[in-house]
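Peer 1: Could you look at this predicted model? Sequence included:
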Amino acid sequence: MHDFSFKRGKLYCENVSVASLVKQHGSPLFIYSHATLTRNFQQLDEALAPLDHTVCFAAKANSNLGVLRTLANAGSGFDLVSGGELQRIIAAGGDPAKCIFAGVGKTEEEIELALKKGIYAFNAESEPELIRINKVARRLKKKAPIAVRVNPNVDAKTHAKITTGTYENKFGIAFEEVEEIYERASKLKNLHIRGLQMHIGSQLTEVGPFEKAVKKVVPLAKRLAEKHGIEFFSIGGGLGIVYDPALESGEAKWWRSPKRKNLLTPAKYAAKLIPLLKPLGLKVLIEPGRFIAGNCGILVTRVEYVKQTGVKNFVIVDAAMNDLARPALYDSYHQIVPLAQNPGDHLKKNQISSDVVGPICESGDYFCKNRMLPAVGEGDHLALLSAGAYGFVMASNYNTRAFPAEILVKGNRAEVVRKRQSLKQLWASESVPKWLK
Ligand SMILES: *Cc1c(COP(=O)(O)O)cnc(C)c1O
């Protein structure tokens, strides 16, 4: 559920008309709903209420300061993957003591920063990393709180590029080796063994793989609690969202499982996992990114041209894969709707099979292919829904295209939470060598 809806045929974000925002701030434009963000966070938080738990929003999904502040205010902790993200979270008012630091490549500088800021735990992904964290902590005369990321070797049954919990992936330490690693880590004097972590993948649409992984790892967590006194078990993120409520056909839809009736909700997730986790008596962390931010945002784009080739109807828009990379990266589906709805739009006879494409010189620069959409023309605007997670954060300046602006809406208020980048900023830190006359 989200807070983008049609009122009298016009698309609104909460109580603000999307067309009015585009008129004021231009296109392409990311728009986020404060209510959706908060509700998604609270749904998960409340579902897990029977456990001592912290929801740590995965900042990589959407790290805009306005979004991070919204979640920090709601009580969220954060899962971060770089020193830059930690600085952002702090700038947004997040509490480092509720932050966990993931990622396979933490640098010494990042480890030092995180230690100085007092994060809750490093989620270490290899033994050399533990040795490095210990070394940096010794230099700073500190004890570094750590957890080890266990790779449970459970298939998340999601897209290959976002599966992380099998031995084909670079993430974590193999289940069978984890206890030995804790044994050796316990000899490193500047480590404080605090927890155990796992994360099996992203956009999971069934609870089954979570259940399987938790079942497999709980006995390990229990042994580690007894031997090393760990206090938390982080079960990672990965809860999927519904990108395609209409379930239109005609496009590859990798995330759609044939067992769709098992679709994931916080209630189902909690109902299956709480009975497994509660007897452990450990603090439970979860690290959702997409579930919280995915449906909170849209990307609005202007139709520049409609190009009919005899074979295809190309709708050429002013947003591109540099603004929203997911379709190009993962063949992902985003619902596309015009900002203004006409009464007959849902009728097949008023729709036309369309490829919505950006202006970039790459065949991968498309948002959908052969999709039945209401006919649109130059100057109309379209909204790509569910663009709040892994949207703006993956934007690039490819083709010397400036970053779009971002807007946060709350009720009938709308605020620019990131100004549109000016073109001059794009080459401001470049220079021509003096010897290149
Ligand atoms: C990316 C990531 C997450 C968040 O994944 P979502 O699918 O967005 O919930 C959580 N934990 C770790 C370690 C991650 O790398």
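Peer 2: Yes, it's here.

Peer 1: tell me the helices in the stretch 151-300 of the chain, going along the chain?
Peer 2: Counting by DSSP state H, counting those that start in this stretch, one finds helices in the stretch 151-300 of the chain at the ranges 178-185, 208-228, 266-277, 290-293.

Peer 1: okay, these in JSON lines with mean neighbour count and distance to the ligand next?
Peer 2: For the C-beta atoms, the positions are set from N, CA and C on the backbone; glycine is no exception. As requested, those are exported to JSON lines (neighbours: other Cβ atoms under 10 Å; distance: least, Cβ to the nearest ligand atom, whole Å):
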{"stretch": "helix 178-185", "mean neighbour count": "16", "distance to the ligand": "16"}
{"stretch": "helix 208-228", "mean neighbour count": "18", "distance to the ligand": "11"}
{"stretch": "helix 266-277", "mean neighbour count": "17", "distance to the ligand": "12"}
{"stretch": "helix 290-293", "mean neighbour count": "30", "distance to the ligand": "4"}
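
Peer 1: so what's Pro245 closest to, chain neighbours aside?
Peer 2: Of all residues not flanking Pro245 in the chain, Gln335 sits nearest, at 7.2 Å (Cβ to Cβ, 6 or more residues apart in numbering).

Peer 1: ok, that neighbour - how many residues close by?
Peer 2: Residues near Gln335, counting by other Cβ atoms under 10 Å, number 19.

Peer 1: where's it relative to the ligand, distance?
Peer 2: 19 Å (Cβ to the nearest ligand atom, to the nearest Å).

Peer 1: repeat for Asp52
Peer 2: 20 Å.

Peer 1: can you pull the contacts of that residue?
Peer 2: Leu282, Lys283, Val284 (Cβ atoms under 8 Å, 6 or more residues apart in numbering).

Peer 1: so what pLDDT did the last one get?
Peer 2: The predicted local distance difference test score for Val284 is 98.

Peer 1: what's across from it in the sheet?
Peer 2: Beta-bridge partners recorded for Val284 (DSSP bridges): His53, Phe233.

Peer 1: pLDDT weak spots in this protein?
Peer 2: 246-262 (pLDDT under 70).

Peer 1: So which residues on it come close to the ligand?
Peer 2: Within reach of the ligand by Cβ under 6 Å from any ligand atom, the chain has these residues: 58, 60-61, 79, 102, 199, 202, 236-239, 287-291, 389.

Peer 1: same thing but at 5 Å, please
Peer 2: Ala58, Ala61, Ala102, His199, Ser202, Gly236, Gly237, Gly238, Glu287, Pro288, Gly289, Arg290 (Cβ under 5 Å from any ligand atom).

Peer 1: most surrounded residue in these?
Peer 2: Gly236 (31 neighbours).

Peer 1: Quick check: closest non-adjacent residue to it.
Peer 2: His199 (2.9 Å).

Peer 1: same question, Glu129
Peer 2: Spatial nearest neighbour of Glu129, chain neighbours left out: Lys106 (6.3 Å); criterion: Cβ to Cβ, 6+ apart.

Peer 1: Backbone dihedrals for that neighbour, both of them.
Peer 2: phi -60, psi 130 (degrees, to the nearest 10).

Peer 1: Looks like Asn397 contacts Leu426 (just checking).
Peer 2: Yes - using Cβ atoms under 8 Å, Asn397 is in contact with Leu426, at 5.6 Å.

Peer 1: closest point of the stretch 1-150 of the chain to the ligand, which residue?
Peer 2: Ala58 (3.4 Å; Cβ to the nearest ligand atom).

Peer 1: Stretch 320-337: end-to-end distance?
Peer 2: End-to-end span of stretch 320-337 (Cα to Cα, to the nearest Å): 16 Å.

Peer 1: Buried residues, that stretch. List them.
Peer 2: For stretch 320-337, burial by neighbour count (16 or more other Cβ atoms under 10 Å) applies to 320-328, 330-337.

Peer 1: and what of stretch 276-285?
Peer 2: Neighbour counts over stretch 276-285 (16+ other Cβ under 10 Å) mark Leu277, Leu280, Leu282, Lys283, Val284, Leu285 as buried.

Peer 1: Out of the residues you listed, which comes closest to the ligand?
Peer 2: The closest of the buried residues of stretch 276-285, once distances to the ligand are taken by Cβ to the nearest ligand atom, is Leu285, at 9.7 Å.

Peer 1: Name the nearest residue to that closest one, ignoring sequence neighbours.
Peer 2: Per Cβ to Cβ, 6+ apart, closest to Leu285 is Ser234, 3.7 Å.

Peer 1: So which residue is smack in the middle of the chain?
Peer 2: Ala61 (2.6 Å; Cα atoms, centre = their mean).

Peer 1: Sheet partners, orientation included, of the top strand by length along the chain?
Peer 2: For the chain, the longest strand by residue count, based on DSSP state E, is strand 297-308. Strand 297-308 pairs in its sheet with strand 29-33 (antiparallel), strand 313-317 (antiparallel), strand 381-384 (antiparallel), by DSSP bridges.

Peer 1: Mind putting those into CSV with mean neighbour count?
Peer 2: Putting the strands paired with strand 297-308 into CSV (neighbours: other Cβ atoms under 10 Å) gives the following:
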stretch, mean neighbour count
strand 29-33, 27
strand 313-317, 21
strand 381-384, 24
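
Peer 1: Which one of the ones you listed lies nearest to Arg194?
Peer 2: strand 29-33 (33.0 Å; Cβ to Cβ).

Peer 1: what's the angle from the following helix or strand past the closest one to strand 297-308?
Peer 2: On the C-terminal side of strand 29-33, the closest following helix or strand by DSSP states H and E is helix 34-47. Interaxial angle, helix 34-47 versus strand 297-308 (axes from the mean of the first three to the mean of the last three Cα atoms, to 10 degrees): 130 degrees.

Peer 1: So what touches helix 34-47?
Peer 2: Helix 34-47 has contacts (Cβ under 8 Å, 6+ apart) with 1-3, 14, 53, 55, 57, 67, 70-71, 74-76, 239, 266-267, 269-270, 286, 288, 291-293, 295-296, 388, 408-411.

Peer 1: Likewise for stretch 183-191?
Peer 2: 127, 130-131, 133-135, 137-138, 142-144, 146, 148, 193, 228.

Peer 1: Alright, calling it a day.
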